[in-house]
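[1] model this:
(2 chains)
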Amino acid sequence: MLFGMGILRGLGVTLKNFFASYYKKPEEGGLFTVEYPEKRLPVKERFRNFPFLVYDTTPENMRCVACDICAKECPPKCIYIVRDNDEAGRPLKKPAIFDIDFTVCMNCGICEEVCPFDAIYMDHEFEIADANRLDALLYNLPDLLKPNDYFQKIRPNDAAQVDARRLEAEEKKKAAVAAVKTQAAAKDIKPE
Amino acid sequence: MEKTLQSGDFKEKSFVLRGERDVDTQTLEINVGPQHPSTHGAFRMNILLDGETVVRLKPVMGYLHRNHEQIAENMSYAATMPYTDRLDYFSSMSNNFGYAMCVEKLASIEVPERAEYIRVIMAELTRLVNHVSLIGFLLNDLGAFFTPVVYAFREREKILDIFEEVSGSRMMCNYLRFGGVKTDIGANTLEGIKKIVRAFPAFLEEFETLLTKNEILCMRCQNIGILRPELAVNASITGPMLRASGVNYDLRKVDKYSVYDRFSFKIPLGSRGDVYDRYFVRILEMHESVKILEQALKDIPQGDIINRKMAPFVKAPRNFKPAVGEAYARVEAPKGELGYYIVSDGTAQPWRYHVRAPSLINLTILEDMCLGQKLADAIVILGSVDIVLGEVDH
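    Numbers count the residues shown, from 1 in each chain, chains lettered A, B, ... in the order given. As a prediction, this is how the structure comes out:
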């Protein structure tokens, strides 16, 4: 091959790509860069960023029962939970403090996998940068709580599965309670 | 006190290119890095120069040390999986693969067939991502600023989109689980992968037209940084580095792990072991990866994606306690043999955990390749080793 032909052919490639970027469609080899703040790509459903807590209907009705499993399993230990007590000092099934330090969190999604109460899920929110480096990314309970509707909006397939599973469990529970009641009623009747 | 080295000290050595000198020069000690764009991360090369010729080179690493092994010894087996992503952050799927294989060997866990196929598909896609970006960075080191790297990143982007769709994250996938994978691949995603695989050879052809026969690339890379096969074997170099020196050793063929024995593919070998061979072996390996992907995508069966016995442990990782014993498992990661060694004492945490990182071991040979070369070539040789500092300093 003539000396210099390799370079010339290479330049041919760049020239071809230069012109192609003007008239070709993105999927055929044209430009597919998205000018980010003005234009955005749709976020994929399984995309995971930072965790949030799900509540049903009102924030007081949160699903989290402060069982501490996510805090124990979290690889970088970025979750801190303190269980709430009532006036008599008995433990309640909800957290008093639920902090997640997003500066430590590494977005692995293990908390969402291990939670037995479907309470914690990975969010799609990623524009949370802040100039304050001390506590702006330390999220407390009120910042973390988001309604189930939001979960359904960002991850429709996963949320539908979770809701179906929860509904089934609820019905089973009701059926079990009803069965126990009828049994008890039957027992009450028999001796007489 | 250490004696200052004079240029005359090297006169007899073969690596001084001009045997006789009419001027007496002094050697110059310089540090390339730790903050230098060509060192691919926080890495320092302490180089002693005679004129422009390298007469001594000391790689200094550890700037990114994160205590990976100790961290893993202090938490459950499953919690280490996201940390393995961060070893070689260009090929997290392969890292997951090696770790999952090691724990599966330790606890004798079977993996369903569909999961094995998904793993192989992901590992080969990772190889494409790694090799294509490595070649881009190598050309950056050569001075071809950003044209090849942007072409490479265009293709990488498409594959990373697939990773995001499947696992939820572009680079830190955390996708494999013991006994299977985290989520199933949908029909749409499979179609997307097929589309990428179909289009990839055309891209490779374009990439090769741009680079392979380019005279500047040939002149800069040929006969530079030659690694003899004997030295490569003795220094336990693995991966494309070893194969570029002409040693036929690929774990996918040697161990036949996972379902690699079902695919027909070749192992490309170099002849001279110079930088150009290392570049070209990677191009050829990508062609072979495409072949594997085509076969895997055609044959992928339906079925479970995780071993039924292991599925509960995803929900409760603390309950997973392998029996007392030890296991070493290795995979052919894009950079070489990636091995994991775990000793279990029967508790939920490994008693000892060790990573055999290919980048670290391939880097030990750097001085032998650089001696007698010019400073600018030392940068290219470092680029051709293919290091990721996350893995070197684990």
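
[2] so what's residue 40 up against?
    Using chain A. Counting by Cβ atoms under 8 Å, 6 or more residues apart in numbering or on different chains, residue A:40 makes contact with residue A:34. Where you see a C-beta, it was placed from the backbone N, CA and C, and this is true even at glycine.

[3] other chain: chain B
    Taking Cβ under 8 Å, 6+ apart, one finds B:137, B:382, B:383, B:387, B:388, B:389 in contact with residue B:40.

[4] which residues does stretch B:134-153 contact?
    Taking Cβ under 8 Å, 6+ apart as the rule, stretch B:134-153 contacts A:14, A:17, B:37-38, B:40, B:90, B:132-133, B:203, B:206-207, B:210-211, B:216-217, B:220-221, B:275, B:279, B:282-283, B:334, B:379-380, B:382-384, B:386.

[5] check the offset of it from the chain's centre.
    17 Å (Cα atoms, centre = their mean, to the nearest Å).

[6] for the record, mean pLDDT for that stretch?
    The average pLDDT for stretch B:134-153 rounds to 88.

[7] just stretch B:334-347 next, same as before
    Here the average pLDDT along stretch B:334-347 is 92.

[8] contacts for the stretch of helix or strand residue A:10 belongs to?
    Secondary-structure assignment from DSSP states H and E places residue A:10 in helix A:5-23. Surrounding helix A:5-23, the residues in contact under the criterion Cβ under 8 Å, 6+ apart are A:29-31, B:147, B:151, B:206, B:209-218.

[9] in chain A, which residue is closest to the centre?
    Centroid-nearest residue in chain A: residue A:122, 1.6 Å away (criterion: Cα atoms, centre = their mean).

[10] what are the phi and psi values for that one?
    Per-residue torsions, residue A:122: phi -90, psi 140 (degrees, to the nearest 10).

[11] tell me, what's the model's pLDDT at the spatially closest residue to it that is not a sequence neighbour?
    Distances taken as Cβ to Cβ, 6 or more residues apart in numbering or on different chains place residue A:48 nearest to residue A:122, at 3.5 Å, with adjacent residues excluded. Turning to residue A:48, the model gives it a pLDDT of 89.

[12] pretty sure residue A:48 contacts residue A:120?
    No. Using Cβ atoms under 8 Å, residue A:48 is not in contact with residue A:120; the gap is 11.6 Å.

[13] need the residues touching each of those two.
    Joint contacts of residue A:48 and residue A:120 (Cβ under 8 Å, 6+ apart) are residue A:112.

[14] phi and psi next, for the closest residue to chain A within the stretch 201-350 of chain B.
    Taking Cβ to the nearest Cβ, chain A has its nearest neighbour within the stretch 201-350 of chain B at residue B:213, 3.6 Å off. Backbone torsions of residue B:213, given as degrees, to the nearest 10, read phi -100, psi 10.

[15] now swap in residue B:96 and tell me
    Dihedral angles (degrees, to the nearest 10) for residue B:96: phi -60, psi -40.

[16] spatially central residue for chain B, please.
    Centre-nearest of chain B using Cα atoms, centre = their mean is residue B:335, 2.2 Å out.

[17] residues near the closest residue to that residue other than its chain neighbours, how many?
    Excluding its sequence neighbours, the residue lying closest to residue B:335 (Cβ to Cβ, 6+ apart) is residue B:358, at 4.3 Å. Residue B:358 has 31 neighbouring residues, counting by other Cβ atoms under 10 Å in any protein chain shown.

[18] and residue A:48, helix, strand or coil?
    Taken by DSSP: H, G, I helix; E, B strand; the rest coil, the conformation at residue A:48 corresponds to coil.

[19] how about residue B:220?
    Under three-state DSSP, residue B:220 comes out as helix.

[20] again with the one 5 residues further on
    Secondary structure assignment for residue B:225 (three-state DSSP): coil.

[21] related to what we said a few turns ago, and the pLDDT for the residue nearest to the residue of the stretch 201-350 of chain B closest to chain A when sequence neighbours are not counted?
    Among residues not flanking residue B:213 along the chain, residue A:6 sits closest, at 3.6 Å (Cβ to Cβ, 6+ apart). pLDDT, residue A:6: 86.

[22] what's the local residue count around residue A:6?
    By other Cβ under 10 Å, 20 other residues sit near residue A:6.

[23] ok, now residue B:97?
    Counted with other Cβ under 10 Å, residue B:97 comes out at 26.

[24] need phi/psi at it.
    phi -60, psi -50.

[25] which ones are touching it?
    Residue B:97 neighbours (Cβ under 8 Å, 6+ apart): B:119, B:122, B:123, B:176, B:258, B:331.

[26] lowest-scoring secondary structure element of chain A by mean pLDDT?
    helix A:156-189 (a mean of 85; mean pLDDT, DSSP states H and E).

[27] for it, packing partners?
    Applying 3 or more Cβ pairs under 8 Å, 6 or more residues apart in numbering or on different chains; DSSP states H and E, one finds that helix A:156-189 contacts helix A:148-154.

[28] how far is the helix it packs on from where the chain is centred?
    On Cα atoms, centre = their mean, the centre of helix A:148-154 falls 10 Å from the chain's centre.

[29] do stretch A:57-69 as well
    Mean-position distance between stretch A:57-69 and its chain equals 15 Å (Cα atoms, centre = their mean).

[30] how about it: buried residues?
    Neighbour-count burial for stretch A:57-69, counted by 16 or more other Cβ atoms under 10 Å in any protein chain shown, picks out A:62, A:63, A:64, A:65, A:66, A:67, A:69.

[31] so which of those residues sit within helices?
    residue A:69 (DSSP state H).

[32] so where does residue 135 fall, helix or strand?
    Looking at chain A here, since you left the chain open. Per DSSP H and E, there is no helix or strand for residue A:135.

[33] was after chain B, sorry
    Per DSSP H and E: helix B:113-142 holds residue B:135.

[34] what's downstream of that helix, the next helix or strand?
    Next along from helix B:113-142, by DSSP H and E: helix B:147-167.

[35] can you state the direction angle for that following helix and helix A:5-23?
    Interaxial angle of helix B:147-167 relative to helix A:5-23 (axes from the mean of the first three to the mean of the last three Cα atoms, to 10 degrees): 50 degrees.

[36] still on that earlier bit, among the contacts of helix A:5-23, name the buried ones.
    A:29, B:147, B:151, B:206, B:209, B:210, B:211, B:212, B:214, B:217.

[37] can you tell me which of the residues you listed is nearest residue A:110?
    Nearest to residue A:110 among those, counting by Cβ to Cβ, is residue B:151 at 36.4 Å.

[38] ok, the closest one to residue A:142 distance?
    Using Cβ to Cβ, to the nearest Å, residue B:151 is found at 48 Å from residue A:142.

[39] do the same with residue B:297
    For residue B:297 relative to residue A:142 (Cβ to Cβ), the value is 47 Å.

[40] quick check: next helix or strand after the single longest strand found in chain A?
    As assigned by DSSP state E, the longest strand anywhere in chain A is strand A:91-101. Going down the chain from strand A:91-101, the next helix or strand is helix A:110-114, by DSSP H and E.
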